[in-house]
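Q: sequence and predicted structure are below.
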Amino acid sequence: MSGGAVNGRTAGTEAKPERRGRGERGTALVTALVLLFAFTAGGVIWLSRDVNRRVSNRSAAQSIAFQAARTGAQQVEVGSLREGRSDVVVLDEPEVRRRAADLAERLFDEYEVDGTVLSISVVADTVTVQVRLADPAGDVTGVGSARAESGP
């Protein structure tokens, strides 16, 4: 060996300390950004699913309430029709309530939602039904009204 070589280096060159993790610069930043985007995307997906379900439930509640009110408004007292009174439509109130509640319960099952009928009101020739759908995201209320009319 030559007289100036130490550990494979020449005597005139000074040994530089090796840096650890030299090729991993910025890894922590990249990891943090990936995690941030992953959690943000997860939050957006969760929020959109929750909002979508709430909008869907609101639409279902409105639809169920309206269809129940419409069914109720079709329960006209037969005696008033036979007398020929076409200017005023008289509803059979007990039948209105029974039919509207039955239809609402059937629609809750068909829509596969947990719902209850809050109220059924009959004022003259108008039937109004109010329903509530229970959901973990929050309860939704729907109101529907229908008016009975005599045809020509």
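A: Yep, it's here.

Q: quick one: the helices in the protein?
A: Per DSSP state H, the chain carries helices over the ranges 27-73, 78-82, 93-111.

Q: what about residue 131, how many residues close to it?
A: By other CB atoms under 10 Å, the residues close to residue 131 number 31. Bear in mind the C-beta positions are built from the backbone N, C-alpha and C, glycine included.

Q: who's in contact with residue 93?
A: Applying CB atoms under 8 Å, 6 or more residues apart in numbering, we find residue 93 in contact with residue 122.

Q: residue 149 versus that one, what's the distance?
A: As judged by CB to CB, to the nearest Å, residue 93 and residue 149 stand 17 Å apart.

Q: quick one: residue 130 from residue 108, how far?
A: 14 Å.

Q: per-residue confidence for residue 58?
A: Listed pLDDT for residue 58 reads 90.

Q: just give the nearest non-adjacent residue to it, would you?
A: The spatially closest residue to residue 58, leaving aside those adjacent along the chain, is residue 140, at 4.9 Å (CB to CB, 6 or more residues apart in numbering).

Q: pretty sure that neighbour contacts residue 132?
A: Yes. Residue 140 is within contact range of residue 132, at 7.1 Å (criterion: CB atoms under 8 Å).

Q: overlap in contacts of these two?
A: Common neighbours of residue 140 and residue 132 (criterion: CB under 8 Å, 6+ apart): residue 61.

Q: more neighbours: these two, which one.
A: residue 140 (22 against 16).
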